[in-house]
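J.: dropping a prediction and its sequence here:
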Amino acid sequence: MRAVWLERFGDPSVLVPGEAPDPVPAPGQVLVDVAYANITFVETQFRATGAGPFRAEPPLIPGNGVGGTVGAVGAGVDPVLLGRPVVSSTGGSGGYAEKAAVPAEGLFAVPDGLALDEAVALLADGRTAVMQLRAAEVRPGDRVLVEAAAGGVGSLLVQLAKAAGATVVAVAGGARKLELARELGADHVFDYRSADWAGLVEREVGGVDVVFDGVGGEVGRAAFGLLLPGGRMDSYGLAGGEWAAIPAQTAAAREVRLVTADRSPEHLRACTEHAFAEAAAGRLRPVIGQRFPLARAADAHAAMESRATLGKTLLETAP
C-alpha cells in the first residue's frame with residue numbers, strides 16, 4: 001500500500017511518501033480502507049520534536065485519525081461491519097496510509113446526514129470542542145473568548161458557544177480568519193497580531209466570563225487577564241509553542257477557575273457522538289479548509305505550521 005513515513009524528527013521534509021506492507025487485522029481489529037486521514041496540530045509538533053502524547057520512535061507511519069470503509073475483520077469481529085463507513089483513532093500511528101488496522105471497539109459509525117470527510121474532520125476536533133464547552137459550563141449570557149477561532153477546534157467552539165446562548169469573542173490572525181469566525185456566528189472579532197488586541201477586547205466587550213485557550217503562551221496569558229471574577233479558563237492547546245501556564249494561586253486571587261475536561265473513555269466517546277449528531281442535524285459545521293493528496297503530507301504540515309490554514313486539514317488517499 002501507499003503510505004507516508006516519518007523518517008526522523010524534524011521539519012516537514014522528514015515526511016516521505018513510500019510503500020508499506022498491507023496491515024493484517026488482529027483478533028478484535030478491523031482493516032479500514034482509508035479515504036481520509038486527519039491531521040492535528042499535535043501531529044506537527046510530534047513530527048518536529050517527538051514531543052506530545054504519542055510515544056514512538058521513527059521510522060513510522062504517523063497519523064492518529066482515519067475515515068473509510070471496513071475492508072476486512074479480524075477474529076471475533078462481526079462481519080456485518082464489512083463495507084460500512086467508519087472513522088477511528090489509530091492509537092497514534094498508522095493513519096497516513098491507504099489501509100489501517102484499528103480496534104473494532106473504537107470505531108464510530110458515520111451517521112446519516114454526515115459525509116465521511118466531515119466525520120473525519122470532527123473525530124478529534126469535534127470531540128475536543130464538545131469536551132471543552134462542557135468543562136467550562138458555558139451558560140446563556142456568558143461572554144466567551146475563543147482563541148484560534150478559525151482553526152479546527154476554534155471554529156467549532158465558536159458555533160457551540162453561540163448555540164449555548166453566549167456572546168462570542170473570536171480571536172484569530174488575519175482578515176480571512178476573522179471573516180470566517182464572524183460567518184460562523186462570532187459577535188466580536190479581534191486580530192491577535194495587533195499589539196493591543198487584549199486592550200481592544202476590554203474596551204469593546206468589557207471583560208469575559210470564559211476563555212478557551214488553544215494557543216497558550218503570551219496569547220493565553222493575555223486572554224486570562226480579560227477574565228472577570230467567577231470566570232473559567234480552559235487551556236487545551238499550545239499552538240503558540242508553550243502552555244499559558246497560569247499558576248493556580250494567581251487564578252484563585254482573581255476568582256477564576258482553571259477547568260480541566262473529563263477525558264475518560266466513556267466521556268470521550270459521548271462527546272464524539274454528540275459532535276457527529278449535531279453536524280448530521282445541520283447544527284454544527286466542520287470547516288474543511290484544505291485537502292492534500294496523501295503523498296503531499298509534508299506540504300500539509302508546512303501549511304499548518306505557517307498559520308495559513310483555515311479549519312481542518314485532511315489528507316486524501318484517492319490518486
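T.: Arrived safely.

J.: Asp213 touches Arg232, doesn't it?
T.: No - judged on Cβ atoms under 8 Å, Asp213 makes no contact with Arg232 at a distance of 10.8 Å. Where you see a C-beta, it was placed from the backbone N, CA and C, and this is true even at glycine.

J.: what about the two, which has more around it?
T.: With neighbours defined as other Cβ atoms under 10 Å, Asp213 and Arg232 compare such that Asp213 has more, 28 against 21.

J.: could you measure from that one over to His301?
T.: Per Cβ to Cβ, to the nearest Å, Asp213 is found 23 Å from His301.

J.: what are the ranges of the helices in the chain?
T.: With DSSP state H, the ranges of helices along the chain come out as 41-49, 116-136, 152-163, 175-183, 197-204, 217-224, 248-253, 265-280, 297-305.

J.: so which of the ones you listed is nearest Gly71?
T.: Proximity to Gly71 (Cβ to Cβ) singles out helix 116-136 among these, at 14.3 Å.

J.: could you pull up the mean pLDDT of that closest one?
T.: Helix 116-136 shows a mean pLDDT of 97.

J.: thinking again about what came up before, take the helices of the chain and lay them out in a markdown table including mean neighbour count and distance to Val86.
T.: Shown next, in a markdown table, are the helices of the chain (neighbours: other Cβ atoms under 10 Å; distance: least, Cβ to Cβ, whole Å):
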| stretch | mean neighbour count | distance to Val86 |
| --- | --- | --- |
| helix 41-49 | 20 | 20 |
| helix 116-136 | 25 | 9 |
| helix 152-163 | 27 | 20 |
| helix 175-183 | 18 | 29 |
| helix 197-204 | 15 | 41 |
| helix 217-224 | 21 | 35 |
| helix 248-253 | 11 | 41 |
| helix 265-280 | 18 | 12 |
| helix 297-305 | 20 | 22 |
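
J.: so which of those is nearest Ala56?
T.: So among the helices of the chain, helix 41-49 is nearest, using Cβ to Cβ, at 8.5 Å.

J.: show me what the closest one is in contact with.
T.: Helix 41-49 is contacted from outside by 6, 9-12, 14-15, 51-54, 62-64, 151-152, 237, 239, 301, 304-305, using Cβ atoms under 8 Å, 6 or more residues apart in numbering.
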